[in-house]
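1. Could you look at this predicted model? Sequence included:
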Amino acid sequence: MKVLANDGLDQSGIDALAEKGFEVITAKVPQEFLADYINEHKIRALLVRSATQVRKDIIDGCPSIEIIGRGGVGMDNIDVDYAREKGIHVINTPSASSESVAELVFAHLFSGARFLQDSNRKMPLVGDTEFASLKKAYTAGIELRGKTIGIVGMGRIGQEVARIALGLGMRVIAADNNVGKASIKVKFYNNQFINVDIETEPLQDVLKHSDFITLHVPAQKEGYMIGKNEFDIMKDGVAIVNCSRGGVIDESALINALDSGKVKFAGLDVFINEPTPSKEILKHSKISMTPHTGASTLEAQDRIGLSLAEQISSILQIQ
Ligand SMILES: O=C(O)[C@H](O)COP(=O)(O)O
């Protein structure tokens, strides 16, 4: 029984699958050769992250596939409904990476609030005199404590962001058309916890009242969620983080808002063009950026590997 993990799989998943008798192949087969490879090796489960596209051509052209597994949350690279219509099981790991993505949100927030993205680029280049001028350039740092964070999308990741924000002493407001009230349990290291209920509000109100905005919504089917009109209603000096999907923010409108000072800084883990974001984005000194690494922690990938292995074994009823 062969499993192809085309975008890689954590050793935890490889070991757990091997224990159940699967042969796990972690070759990175280029998209154009993928169908032939799957047919030649009679792959029963195809596992992917966000890079490999599993569209109708693969689904129709590879009858040996019984399971398509997404190691992660977003399944916009898979024709999910079509695959299910054809009787293929499509699975993902919706809760395995929430903590890691939420922590990356704060990495970007702290980075932007204290100019780390600019400092990291410039410090290696400066001599004694420029050191002082850089220090001066970074005097307008800001604290997160006491500020308002607006969370757009109160699913698992949004709720994890809320947990961390509450622990930092931030005021949390949130928008989500599908969630009326989120009950957040904040657990401390000594196992004490507090419960905080967060009533969601209309998006416009959240955009208007936030010092920091973070987006946790799926890929948008129609247009941008955050464009010029939305930036216009935000507070002056707001900061925005996107660790959800490229295309949720209009990047041109973002650049304009950064250049005008409307937006103080942005943190981006996702881009309209992946893996080649625009040059304007890449060189902007007010953007803290990462190459879609929200789920790329040892812990998240370990959980993802185990979750996929468990689901595959259970679907194929292997004890
Ligand atoms: O949807 C997800 O789980 C994240 O965007 C992570 O994507 P990745 O598995 O390609 O890192």
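-> That came through, no problem. The structure presented is a predicted model; accordingly, all values stated were derived computationally and were not measured. Numbering: from 1, shown residues only.

2. give the contact list for Gln53.
-> Contacts for Gln53 (Cβ atoms under 8 Å, 6 or more residues apart in numbering) come out as Gln31, Asn77, Ile78. Bear in mind the C-beta positions are built from the backbone N, C-alpha and C, glycine included.

3. Can you select the buried ones from the residues you listed in ChimeraX?
-> Here is the ChimeraX selection string for the buried members of the contacts of Gln53, based on 16 or more other Cβ atoms under 10 Å:
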select :77,78
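
4. Can you tell me which of the contacts of Gln53 is nearest the ligand?
-> Asn77 (8.5 Å; Cβ to the nearest ligand atom).

5. quick one: that closest one and Thr52 touch, right?
-> Yes: the criterion here is Cβ atoms under 8 Å, and Asn77 meets it with Thr52 at 6.8 Å.

6. What parts of the stretch 51-200 of the chain come near the ligand?
-> Gly71, Gly72, Val73, Gly74, Ser97 (Cβ under 6 Å from any ligand atom).

7. mind listing what the third one touches?
-> Contacts were defined as Cβ under 8 Å, 6+ apart; by that measure Val73 touches Asn92, Thr93, Pro94, Ser97, Ile157, Ala295.

8. With only the CA atoms kept, save stretch 267-278 in CSV.
-> Output in CSV follows, covering the C-alpha atoms of stretch 267-278 (Å, rounded to 0.1, in the frame of the first residue of the first chain):
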residue,chain,number,x,y,z
GLY,A,267,3.1,41.2,8.6
LEU,A,268,2.7,38.9,5.7
ASP,A,269,3.1,35.1,5.6
VAL,A,270,1.0,34.7,2.4
PHE,A,271,1.1,36.5,-0.9
ILE,A,272,-1.0,36.9,-4.1
ASN,A,273,1.9,35.4,-6.1
GLU,A,274,3.4,32.4,-4.3
PRO,A,275,6.2,31.4,-4.6
THR,A,276,7.2,34.7,-6.2
PRO,A,277,5.7,37.7,-4.4
SER,A,278,5.9,41.1,-6.1
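
9. where exactly do the helices run in the stretch 201-319 of the chain?
-> Ranges of helices within the stretch 201-319 of the chain are 203-209, 228-233, 251-260, 279-282, 298-315, based on DSSP state H, counting those that start in this stretch.

10. wait, which of the ones you listed is closest to Ile88?
-> helix 298-315 (10.4 Å; Cβ to Cβ).

11. Could you check how far Arg171 is from Val206?
-> Distance, Arg171 to Val206, using Cβ to Cβ, to the nearest Å: 12 Å.

12. returning to what we had before: if you rank the contacts of Val73 by neighbours, which is first?
-> For the contacts of Val73, the largest neighbour count, defined by other Cβ atoms under 10 Å, is 29 neighbours, found at Ile157.

13. circling back: could you export the helices of the stretch 201-319 of the chain as TSV, including mean pLDDT, mean neighbour count and distance to Ala132?
-> Putting these into TSV (pLDDT from 0 to 100; neighbours: other Cβ atoms under 10 Å; distance: least, Cβ to Cβ, whole Å) gives the following:
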stretch	mean pLDDT	mean neighbour count	distance to Ala132
helix 203-209	98	17	38
helix 228-233	98	15	34
helix 251-260	98	18	26
helix 279-282	97	14	28
helix 298-315	98	20	39
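
14. nearest to the ligand, of those helices?
-> Once the helices of the stretch 201-319 of the chain are compared by Cβ to the nearest ligand atom, helix 298-315 is nearest, at 7.8 Å.

15. helices and strands around that closest one, which ones?
-> helix 11-19, strand 67-70, strand 89-91, helix 98-113 (3 or more Cβ pairs under 8 Å, 6 or more residues apart in numbering; DSSP states H and E).

16. Let's see that with 7 Å instead.
-> Here helix 298-315 touches helix 11-19, strand 67-70, going by 3 or more Cβ pairs under 7 Å, 6 or more residues apart in numbering; DSSP states H and E.
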